[in-house]
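Trainee: Sharing a model prediction with you, sequence too.
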Protein chains: 2
Amino acid sequence: MNPLSSPLMTDNYQFMMLQSYLEQGMEETAVFELFVRKLPPGRNFMIAAGLEQALNFLENLRFSPEELAWLAPRFPSTLIAYLEEFRFTGDVHAMPEGTIFFPDEPILRITAALPQAQLIESRMMNLLHFETLIASKAARSVLAAPDKLLVDFGMRRAHGAEAGLLAARASYLAGFSGTATVLAGALYGIALFGTTAHSYIQAHEDETTAFEHFARCHPDNVILLIDTYDTEAAADKVVALAPKLGADGIGIKGVRLDSGDLAMHARQVRKILDEGGLENTFIFASGNLDEYRLHALLASGAPIDGFGIGTALDVSSDAPSLDCAYKLQEYAGKARRKRSEGKVTWPGRKQVYRKYDSADGCMMRDVVTLEEDNSYDGEPLVIPVMVAGERINGNVGLDEMRRRTLANYARLPSQMTALEAAHAYPVEISPSLRALAKQLDEDSGAFSHLTQTL
Amino acid sequence: MNPLSSPLMTDNYQFMMLQSYLEQGMEETAVFELFVRKLPPGRNFMIAAGLEQALNFLENLRFSPEELAWLAPRFPSTLIAYLEEFRFTGDVHAMPEGTIFFPDEPILRITAALPQAQLIESRMMNLLHFETLIASKAARSVLAAPDKLLVDFGMRRAHGAEAGLLAARASYLAGFSGTATVLAGALYGIALFGTTAHSYIQAHEDETTAFEHFARCHPDNVILLIDTYDTEAAADKVVALAPKLGADGIGIKGVRLDSGDLAMHARQVRKILDEGGLENTFIFASGNLDEYRLHALLASGAPIDGFGIGTALDVSSDAPSLDCAYKLQEYAGKARRKRSEGKVTWPGRKQVYRKYDSADGCMMRDVVTLEEDNSYDGEPLVIPVMVAGERINGNVGLDEMRRRTLANYARLPSQMTALEAAHAYPVEISPSLRALAKQLDEDSGAFSHLTQTL
């Protein structure tokens, strides 16, 4: 039972509900939508990500004999028989990965027999929530340091193996240059970066020997970690070592700083390197970095050429979760609306249209409306990606998705590219959608309770 | 290549360092220790967790033909040949899972040939960091609501599948009663809990029908979700339905609230249930809960019998990472010390001794000293768990670990069981350890730079 693909990677209540749905014959078509209720504090937008993994999960969803054997003593044989034959045969509409989106806009719509659409809830959220979280976080570093090399260093403090792997993918999708996580290179073709750990330096009797060993071992990729003992003293050692390596045709590509006042050290190290004739040796910085520190370092003019961003990226430190939901919007041809306090949803099958400024091409406003409402033009953001359990559109490669994401940034109004929250981007709820919500509330006698949301 | 077991789930620099170690013949014994540099803000202690998964990883660590084929064009044949035969054959010392620990105390020590000890760094941290993070977070809810049913509801917003699975394990270890995550039940035998989603209620034409269907389908486990539309109106429906179900021998075990002012709703619902003769029907609450909300709800006297805690638990919302490190403390028989600014480590192989108050049995103070220093009594917290790549001590079951954790809470000084930071627990660095650090600094001429830490 592999957690990454097992259908038991779900909430217990899904099986309890399925049992009841089957007993009642409730297998008509359900429409669920996945959306985020609100932006994390200080954010201007989110980036949709994780669809590739979500569709893989749906395509391959089946119960193994071992899983069925575990379920068998716990549920009636009718449910087990149903699960034996279980395949996802529904339709999926979604925003392509890399799409900029806002609260209340569906990034995924599932149209399937109710038990199917219900069972997949937990893992669909688990996958789309996490990659969207990380892509949205990574986008901020990309916008804060647009011309710098940015590398994901966070796997060790990511929340488990899948988080480390998918954080590498989501940050690359959002515009990072690569990752330190080897498996992300092997599985997704993401460029890999790496230098040494402090232990490498410590294990040698002296720092210069460590530098020389590393350089001779990796002559095309000499990036030396210089903060293990005394950063500037190490920079002097790098300069002193350079001619000896140069005589053998080995250049020193870069140095890495990982602690202390990075701006100050970068300035001093830059000076030492330049005066030592190593003007082309770049400075790479890491150590508790996030988009705010990148912005501050670059604003201060620190001569840093690239950044390794670790924990703050892989756990989305300032906002480690999104307030996302997967809600039933229609069942058996009838729109549905959850009205729990503070969690009211917009009912029905929805589409989002985005309008751009004809002058500068920037995003101007979105409208969320019913899919059947043809009164809007603009770019429809929710597109069909799976029909009757089969993917359509073919596979788009990760590099192509990354290019699209970068092109999307270029259409952000400039104030929205800042790290601070700008004036909220206008997302309009259409009159037809408001009318449907009002009608559902009136039908159920709940109108007075909800007038404030209409 | 399964991310959960693949040795490619590591940082690229590990392979680069290994290549250099092998070329230089640096295969002598290295000692690495894993520790946390500081407590998250507002915390009084941490709980060690994840050792079981870490040891599993070490026992099964080998490179598949597919993984070797991916590495082969990227690294020299000497490294590939070494990896073909790779097994972890080192020793491991660790704090047992469920141990209360503090900054600078090693929770894991690896003693192995340098390349082995180096390669495993990334995944060892990835596993131990995450489960320790979640167990430490979960402990706070257990201490805030000691007599309540606590259930992990967080998988959908955990960071990927492994995070969801291991959060269920770590929170159970820390004293939770169970989880909603089915696979955690299947793999770890953790008790499973579940009711219904709002979609279940919405998919029915009316709420009473939904309640009755669920009750008849799960007659031994009738817990009804009552906040989809109007909580008190739903409680009235539950009371009205009870006699009809009772006539068929079906009791209503509980109701669940998931939104709004939980204390207010719990009081009103309790009153409705009690007046309707359902005094034994319990009230279970969920919805954006964490230890602070549990404390506030219980302090207000809200009649809530159990809690589902989701996102805040599974992402450790207030502290989504720990400042942990895996550092070389000895190589080739010689102690080593990293002296990077703000990241200075205590060198050598270390042990932690804990002293308890003879009167009340409570923890009094810890001493961190060198393993070879026999001048302390008290309980040694770091014990051997693996010798030459083989586990010793047999497997301790998760339930037994959970019992030990609860017993450890009982020995916390009472002010440390509060949610707010108490006066720091005394952790002494022994004179012998200080002397070793000083000697290493003097040997390297770094003494003046570091006097403040001694």
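Mentor: Here it is on my side, so go on.
Trainee: residue ranges for the helices of the stretch 251-400 of chain A, please.
Mentor: Along the stretch 251-400 of chain A, counting by DSSP state H, counting those that start in this stretch, helices occupy A:262-275, A:291-299, A:311-314, A:398-409.
Trainee: could those be laid out in CSV, adding mean pLDDT, distance to B:Met95 and mean neighbour count?
Mentor: C-beta here means a position set from N, CA and C on the backbone, and glycine is covered the same way. Formatted as CSV, the helices of the stretch 251-400 of chain A follow (pLDDT from 0 to 100; distance: least, CB to CB, whole Å; neighbours: other CB atoms under 10 Å in any protein chain shown):
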stretch, mean pLDDT, distance to B:Met95, mean neighbour count
helix A:262-275, 98, 34, 19
helix A:291-299, 98, 33, 18
helix A:311-314, 98, 23, 26
helix A:398-409, 98, 40, 16
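Trainee: looking at the ones you listed, which is closest to chain B?
Mentor: Chain B lies closest, by CB to the nearest CB, to one member of the helices of the stretch 251-400 of chain A: helix A:311-314, at 4.8 Å.
Trainee: Now do that closest one: distance to the chain's middle.
Mentor: How far helix A:311-314 lies from its chain's middle: 12 Å, per CA atoms, centre = their mean, to the nearest Å.
Trainee: cool, and stretch A:394-402?
Mentor: Stretch A:394-402 has its C-alpha centroid displaced from the chain centroid by 15 Å (CA atoms, centre = their mean).
Trainee: who's in contact with that stretch?
Mentor: With CB atoms under 8 Å, 6 or more residues apart in numbering or on different chains as the test, stretch A:394-402 has contacts from A:Glu52, A:Pro96, A:Glu97, A:Gly98, A:Arg169, A:Tyr172, A:Leu173, A:Ala174, A:Gly175, A:Tyr188, A:Gly189, A:Ile190.
Trainee: Check the contact between A:Thr29 and A:Gln116; I expect there is one.
Mentor: No. Using CB atoms under 8 Å, A:Thr29 is not in contact with A:Gln116; the gap is 9.8 Å.
Trainee: And the pLDDT at the spatially closest residue to A:Ala312 that is not a sequence neighbour?
Mentor: In this structure, A:Ala312 finds its nearest non-sequential neighbour in A:Asp290, 3.6 Å apart by CB to CB, 6 or more residues apart in numbering or on different chains. Reported pLDDT at A:Asp290 in the predicted model: 98.
Trainee: wait, A:Asp290 sits on A:Gly310?
Mentor: No. If you go by CB under 8 Å, A:Asp290 and A:Gly310 don't touch, sitting 9.4 Å apart.
Trainee: So which of those two has more stuff around it?
Mentor: A:Gly310 (24 against 21; other CB atoms under 10 Å in any protein chain shown).
Trainee: Just the buried residues of the contacts of stretch A:394-402.
Mentor: Buried subset of the contacts of stretch A:394-402 (neighbour count, 16 or more other CB atoms under 10 Å in any protein chain shown): A:Glu52, A:Pro96, A:Glu97, A:Gly98, A:Arg169, A:Tyr172, A:Leu173, A:Ala174, A:Gly175, A:Tyr188, A:Ile190.
Trainee: Turn those into TSV, including secondary structure.
Mentor: Below are these laid out as TSV (DSSP: H, G, I helix; E, B strand; the rest coil):
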residue	secondary structure
A:Glu52	helix
A:Pro96	coil
A:Glu97	coil
A:Gly98	coil
A:Arg169	helix
A:Tyr172	helix
A:Leu173	helix
A:Ala174	coil
A:Gly175	coil
A:Tyr188	helix
A:Ile190	coil
